[in-house]
Structures are given as structure tokens and as C-alpha cells.
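Engineer: Fold the stuff below for me.
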Amino acid sequence: MNISIFGLGYVGCVAMGCLARKGHRMIGVDPQASKVEFLNQGRPTIIEKDIDALIAEQHGLGRISATQDAATAVLQTDVSFICVGTPPTATGHLDLTAIRHVATQIGQALAQKTTRHVIALRSTVLPGTGQLIADLIATASGRLAGEHFAVVSNPEFLREGTSIADFDNPPFTLVGGAHPWSIDVMKDVYSGLSAPFLTTEPRVAELMKYVCNSFHALKITFANEVGNICSKLGIDSQTLMDIFCKDTKLNISKAYLRPGFAYGGSCLPKDLRALRTIAHDHYIETPVLEAIEQSNELQKQLAFKEILRYGKQKIAILGLSFKEGTDDLRDSPIVDVLERLLGKGFDVRIYDKHVHLSRLTGANREFILQRIPYISRFISDNLGDVIAPSELIVVVNRTPGLEEQLGHLAGTRPIYDLTRSCSQETPSVQRFDRRRVHP
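Structural biologist: Numbers count the residues shown, from 1 in each chain. Now for the predicted structure:
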């Protein structure tokens, strides 16, 4: 099948590679010339586990190309995925500027097409957005929804850092659509996946991502609060939570249920705010949802206060992205802590092997330069150079091999491990995780 992908960020790039591997011919569409050039050279637009080899392989097989011309892509394909960003506005609603623009482009192209076309909405949107897109396409094309084209909701449930594995092994594939022929087309798109293929009405599918991500956000915050209580009582929070997670009969997953630092990234904060906004717009009180973000902000404040308690002026921050294995800085919780430390005059140096300022593009680059425009003064790609002058090491992301490297470089410096990812019972962690040891 011939498929076009509008938006070549995380969701779009992963979809390009994974669907191409299933034998589909993929055409990427993006207004940013550098992203188009990357894919046409067989290079991914993101940093992600296994994505480099996947994109290079499929490009070599002639299954991947990219263009800035929307009409060319639509006219050469049967299905168009919309994977553009939907950033939040100041009021918590979504900025649909990019989606509206893409829908109009697709509609204008469909005016020249005689065969049916399916538009799969992969971006995370509020209920009713699919109908909005269908109306825009119908106006621009002069075609009838349901007869000449169809819009379906196909939310993604990918985690950055494991997105390729998540794409290949989803809990289910969800498609919300009103026209049976478009559902059949989507079944062909995803043929070969062992996961259940679920169909529903569009508004259910559109809301599903918000509900899932809001629940994930709740689990992270819940575990952190348990971890804080355990720290006060001198109880090993990892042991407690491991036992808690053994109860899997009530649909509890171990994912997100390990105490750690605050949540961040481009999905959880945005989708939680959107779900709260939906409730507010319908005059529904949601005290638990309101409390999640407050508690998450408290987690950042606690981290800042804990750093102050060490009484050290020179601080090494190991990890800048919101999650290890990615270069995504949007809503990274450590950025808030960094701003406060820099404002207090601390000497801060940052290391993150995945973050290279010269390679950041789009919303990622805009976010970090707005928050810390002079960040280039503090960030380095050399771990030794960051640790050498430091008096305190703060571990934000635990990357493979970091513990061994710190064993050689840290010496007797105190280490504040925000990941809390190891049991404090083991000798190695007594050396590595010294988050409650003060001079």
C-alpha cells in the first residue's frame, strides 16, 4: 500500500520506518527542509533506539522518501497519516494550527483525485477534531466524506525510548471511524500485528489517549509520594513497590510505578491539562486530576531543596532530557530545577550524551532556548569535564554504563540519584545512590 505521513517528528518518523518494514511504500511530508533531506538520505529525524538502522534499511529498499509538496504525496498514496504537533495553548486547549493547515492541503489535493482516500488522525486531539478535519477537507476538495474520503482516529500509544518495540507490540490497535470501507483499509495497513484490532466511534478513540496518559501521569505521581513517605520512615521504597506491583489481577502495570523524579515530556503534561480542561468546560470537578500536577511540581521543589541541603556550590547534572535514551527536552522536569539553581548563582554543568544543541530542531529547540537561552555555556558532551570541577553529582537519567563510569570519575563526591532506580540494600547502590547523605 502507498501511505503518506504528514509530520516527521517522533510519531511520524517511527511510523515511516515501521510501516515501510511491513512492505508499504512511504512518503513523508514536512515543511521543514532539513527533515525531508534527512529521510531522503536514509537518516532519521529523531534519536531513538534502533531507528537509525531501520530508516537506513527501508530507504535502501526504496520504500521511504520525503517531500515538502503535500499534493504530490496525496496523489501518490491511498492513506495519509496526520502526525503533526498539537501544542497546548495558555488556557490548556490545543493549538490546531498545524492540523488545520494539513487538512486544507490534503483537501486541495483530493480535488484532483478520483479514487477514495483515508485520512488517519494519529495526532493527539480533543474529541470532535476528526469531524473538524473532515469538514475542512470536504470544503477544500468539494468531495463527500464517507464516499470519496474518510477520516478515522488512530491514536498512538508509543513511549519515547521504546517506540519501535511499542509499535510492533501494541496492547491493541485502535481505530475510530464511521465508514466500514475505511476500517477495512486500516486493517490492511496494520495487517501482520498480533495485537487485537479494535474499532469504535471516533470520539471514543480521540479521548482514549488522554485517559491513558492521564492515568500514567497519576501512577508516576502516586509512586513518588509513596517514595517520599518511605524516605522519611527509612523504608526501602523499591522493595515496597515491587511487592505492590505483584498484584496484577486488577489491571495494574509495573510501568510508571517506580518512585523517581517528576514526570515530563511532550505527552503526559499536555494530555493531563487537556483532560482537566475538558472536565472544566463541562463544569465537572476533578480534584484528583487537579492534584496530580500540583504534586508533580512539588516533586521538582523537593529535588531543588534536597540539592540545597548538600551545601555544595558546584553541581554536575547528568541528564537533561525528560527521559533517558531520547533528546526530547520539552517539559523536562530538570529544566525547572536548573532555572532555579542558575537563578541562585550555583555553578552548574550539564551532561547528556543524547542532547546536542546543534542538532535540536523545531519545538524541542524552541523550548530549551526560551527557558535557558544561554544553556550552551553549561552543557558539555564530555562526562569527565562535567564531573571534574563538581562538588555534587545529580543523576537525572540513568543511561547504560553510567554507574561504571561514575565509579571511575566520581571519587568521594556525594551523588544525589533522582532516578531511585536501584534498591538501597545492595552494596553497589550504597556507593552509587547517596541521595540522603549530607555532609
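Engineer: show me where the stretch 251-400 of the chain has strands.
Structural biologist: Assigned strands in the stretch 251-400 of the chain, in chain order: 314-318, 347-351, 379-380, 392-395 (criterion: DSSP state E, counting those that start in this stretch).
Engineer: Quick one: list the elements packing against the first one.
Structural biologist: For strand 314-318, the elements it packs on are helix 333-343, strand 347-351, helix 383-387, strand 392-395, judged by 3 or more Cβ pairs under 8 Å, 6 or more residues apart in numbering; DSSP states H and E. Heads up, the C-betas are built off the backbone N, CA and C, glycines and all.
Engineer: which of the residues in the first one are buried?
Structural biologist: Looking back up the chat, that one is helix 333-343. Neighbour counts using 16 or more other Cβ atoms under 10 Å place 333-338, 340-342 of helix 333-343 among the buried residues.
Engineer: CA atoms only for that helix, dumped as CSV, please.
Structural biologist: These are the backbone C-alpha positions of helix 333-343, laid out as CSV (Å, rounded to 0.1, in the frame of the first residue of the first chain):
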residue,chain,number,x,y,z
PRO,A,333,11.4,18.5,34.8
ILE,A,334,15.1,19.0,35.4
VAL,A,335,14.9,22.3,33.4
ASP,A,336,12.7,23.9,36.1
VAL,A,337,15.3,22.8,38.8
LEU,A,338,18.1,24.1,36.6
GLU,A,339,16.5,27.5,36.2
ARG,A,340,16.2,27.9,40.0
LEU,A,341,19.8,26.8,40.6
LEU,A,342,21.1,29.2,38.0
GLY,A,343,19.0,31.9,39.4
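Engineer: quick one on the thing from earlier: specify the stretch among the helices and strands packed on strand 314-318 that is closest to residue 135.
Structural biologist: Of all those, helix 333-343 sits nearest to residue 135, with 38.4 Å by Cβ to Cβ.
Engineer: could you dump the strands of the stretch 251-400 of the chain to CSV with mean neighbour count?
Structural biologist: Converted to CSV, the strands of the stretch 251-400 of the chain look like this (neighbours: other Cβ atoms under 10 Å):
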stretch, mean neighbour count
strand 314-318, 24
strand 347-351, 21
strand 379-380, 16
strand 392-395, 24
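Engineer: ok so, going back, I'd like the helices and strands packed on strand 314-318 laid out as a markdown table, including mean pLDDT and distance to residue 215.
Structural biologist: Below are the helices and strands packed on strand 314-318 laid out as a markdown table (pLDDT from 0 to 100; distance: least, Cβ to Cβ, whole Å):
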| stretch | mean pLDDT | distance to residue 215 |
| --- | --- | --- |
| helix 333-343 | 89 | 19 |
| strand 347-351 | 91 | 32 |
| helix 383-387 | 89 | 36 |
| strand 392-395 | 92 | 27 |
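Engineer: So which residues of the stretch 101-250 of the chain form strands?
Structural biologist: Taking DSSP E, counting those that start in this stretch as the criterion, the stretch 101-250 of the chain carries its strands at 117-121, 149-153, 173-176, 197-200.
Engineer: Now the lengthiest helix in the chain: buried residues?
Structural biologist: If each helix of the chain is counted by residues according to DSSP state H, the longest one is helix 202-233. Applying a neighbour-count criterion of 16+ other Cβ under 10 Å, the buried positions in helix 202-233 are 202-203, 205-210, 213-214, 216-224, 226-228, 230-231.
Engineer: How about stretch 113-125?
Structural biologist: Of all the residues in stretch 113-125, those buried under the rule 16+ other Cβ under 10 Å are 113, 116-125.
Engineer: for the stretch 251-400 of the chain, which spans come out with low pLDDT?
Structural biologist: By pLDDT under 70, the weakly predicted segments of the stretch 251-400 of the chain are 251, 253-254, 256-257, 356-365, 367, 369, 371-376.
Engineer: ok, residue 197 touching residue 190?
Structural biologist: Yes. Here residue 197 lies in contact with residue 190, judged by Cβ atoms under 8 Å, at a distance of 6.5 Å.
Engineer: Give me the phi and psi angles of the closest residue to residue 69 other than its chain neighbours.
Structural biologist: Nearest non-adjacent residue to residue 69, counting by Cβ to Cβ, 6 or more residues apart in numbering: residue 29, 7.6 Å away. Residue 29 adopts backbone torsions of phi -130, psi 130, taken as degrees, to the nearest 10.
Engineer: show me what contacts residue 29?
Structural biologist: Residue 29 makes contact with 4-8, 66-70, 73, according to Cβ atoms under 8 Å, 6 or more residues apart in numbering.
Engineer: Also residue 38?
Structural biologist: With contact set as Cβ under 8 Å, 6+ apart, residue 38 has these partners: 44-45, 66.
Engineer: returning to that earlier point: save the buried residues of helix 333-343 as TSV, and put in distance to residue 34 too.
Structural biologist: Formatted as TSV, the entries for these read as follows, by distance: Cβ to Cβ, whole Å:
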residue	distance to residue 34
333	28
334	27
335	24
336	29
337	31
338	27
340	33
341	33
342	30
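Engineer: Closest one of these to residue 255?
Structural biologist: Closest approach between the buried residues of helix 333-343 and residue 255, by Cβ to Cβ: residue 333, at 18.1 Å.
Engineer: ok, residue 52 - how many residues close by?
Structural biologist: By other Cβ atoms under 10 Å, the residues close to residue 52 number 15.
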